[in-house]
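**Student:** below: sequence and its predicted model.
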Number of protein chains: 2
Amino acid sequence: MKNQEELFLDFLARKRLKNTSQRMIILKSFLRQSLHLSTEDFYLQLRKKHPAIGYATVHRTLKLFAECGIAAERNFGDGQTRFEVNYDNEHHDHLVCTGCGKIIEFENRQIEQLQLDVARTHNFFIKDHRLELYGLCAACHASEASSLS
Amino acid sequence: MKNQEELFLDFLARKRLKNTSQRMIILKSFLRQSLHLSTEDFYLQLRKKHPAIGYATVHRTLKLFAECGIAAERNFGDGQTRFEVNYDNEHHDHLVCTGCGKIIEFENRQIEQLQLDVARTHNFFIKDHRLELYGLCAACHASEASSLS
DNA sequence: TGTATTTTGAAATCCGTTTTCATTTTCTTG
DNA sequence: CAAGAAAATGAAAACGGATTTCAAAATACA
């Protein structure tokens, strides 16, 4: 099993793309934090240490990560694309707190199996899926309950 | 059980909003076709019969439908918001063909139950969820297979 | 090393969504 | 059944995130 950095370098070589210092900096920074950051937030974060790297480069590089499989693009309905590190190829889904924005990952084999069953009954050949549960985390639920009139 | 039109009129009255001919035309047109249309596509469709109704009004009215529950906003990751008629309050999920764009609705009680289980183990209080399965419908899968070199 | 090719960063552009604003329509109430 | 107040309309502008353009800089192949 190759690590993420090797995977990316292989990808660049395969595509005859060039290995630049910006790309390496962005990759390392991206791997360091597996949060679900939007391009904007990630850029602002990165800018603190590397103010010379432009937004366009960050955007393009995150897209490359998604293309070569080391990142996954997510969209939780707030109009912003978020990127997360895609360790191994295990799929996972998300619980999204609409109160504080917290995102929790989970995995459930039974649900995945049932999805395959659904697809089969419709003669569908699944390539991907997305499952998101929206609601309130324990903290937000508690504070909402206590603030009711 | 009230029908969609009554629900909308009640909603307008409750919110002290006005009942206009445009809103009624848009409502009837929307109910007539339960496809998953984007605002743009719906507008283009409507314009054939009612060229005087503006895009902004269509957009605002679809938003009202979503607010009062007779429509659901959907987002299948192609950057366009789609609206569908929300009959009764049964939730359903979607199979999306990435080949031809066809969208099939399905419902699965077992998956819904497992979602509740997942939420409980994370102390989450679910308000909503979305599940989409992306892949190829039978026709697209067949044509892809036959076009392989 | 030289040179062709790719990448970069800033700014411009894209495109769906939303808002603005002057005008028109609806609805309330006297 | 009129005003007058409040809300809705349509055209156009503004918005915001994603993407592209372009000239200059960096990379890597020969």
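**Tutor:** Yes, it's here.
**Student:** could you list the low-pLDDT ranges of chain A?
**Tutor:** For chain A, applying pLDDT under 70 flags the ranges A:1, A:34, A:89, A:148-149.
**Student:** which bits of it sit near DNA strand D?
**Tutor:** A:16, A:18-21, A:38-40, A:55-56, A:59-60, A:63, A:79-81 (C-beta under 7 Å from any atom of the strand). Any C-beta I mention is one placed from the backbone N, CA and C, and that applies to glycine too.
**Student:** and with 10 Å instead?
**Tutor:** A:9, A:12-13, A:16-24, A:38-43, A:52, A:54-60, A:62-63, A:66, A:73, A:75, A:78-83 (C-beta under 10 Å from any atom of the strand).
**Student:** restricted to buried residues, select these in ChimeraX.
**Tutor:** This is the ChimeraX syntax for the buried subset of the residues of chain A next to DNA strand D, where burial follows 16 or more other C-beta atoms under 10 Å in any protein chain shown:
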select /A:9,12,22,23,38,39,42,43,57,58,62,66,73,81,82,83
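**Student:** from the residues of chain A next to DNA strand D, which land in helices?
**Tutor:** A:9, A:12-13, A:21-24, A:39-43, A:55-60, A:62-63, A:66 (DSSP state H).
**Student:** show me what counts as buried in stretch A:106-117.
**Tutor:** Per 16+ other C-beta under 10 Å, stretch A:106-117 contains these buried residues: A:106, A:108, A:111-112, A:114-115.
**Student:** quickly list the domain ranges of chain A.
**Tutor:** Listed by automatic domain parsing, the domain ranges of chain A are A:1-89, A:91-149.
**Student:** can you put those in TSV and add distance to B:S147?
**Tutor:** Formatted as TSV, the domains of chain A follow (distance: least, C-beta to C-beta, whole Å):
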stretch	distance to B:S147
domain A:1-89	23
domain A:91-149	15
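**Student:** relative to B:T121, which of these is closest?
**Tutor:** Nearest to B:T121 among these is domain A:91-149; the distance by C-beta to C-beta comes to 8.3 Å.
**Student:** what about the residue lying closest to A:A119 once chain neighbours are set aside, which SS state?
**Tutor:** Using C-beta to C-beta, 6 or more residues apart in numbering or on different chains and skipping residues adjacent in sequence, the residue nearest A:A119 is A:I126, 4.6 Å away. With DSSP: H, G, I helix; E, B strand; the rest coil as the basis, A:I126 sits in strand.
**Student:** please report the distance of A:I126 from A:H91.
**Tutor:** When distance is defined by C-beta to C-beta, to the nearest Å, A:I126 is 11 Å away from A:H91.
**Student:** over to A:I70?
**Tutor:** For A:I70, the distance to A:H91 - C-beta to C-beta - is 15 Å.
**Student:** same check on A:T98?
**Tutor:** A:T98 is 23 Å from A:H91, by C-beta to C-beta.
**Student:** the buried residues of stretch A:106-117 in helices, which ones?
**Tutor:** Residues of the buried residues of stretch A:106-117 located in helices (DSSP H): A:111-112, A:114-115.
**Student:** ok, how many other residues are close to the nearest residue to A:C97 once chain neighbours are set aside?
**Tutor:** Closest residue to A:C97 apart from its sequence neighbours, by C-beta to C-beta, 6+ apart: A:C137 at 4.1 Å. For A:C137, the neighbour count with other C-beta atoms under 10 Å in any protein chain shown is 21.
**Student:** ditto for the one 10 residues further on
**Tutor:** One way to gauge burial is a neighbour count; for A:S147, by other C-beta under 10 Å, it gives 7.
**Student:** so how far is B:L64 from it?
**Tutor:** A:S147 is 28 Å from B:L64, by C-beta to C-beta.
**Student:** before we move on, what about A:L114?
**Tutor:** Taking C-beta to C-beta, one finds A:L114 at 35 Å from B:L64.
**Student:** fine by me, we can end here.
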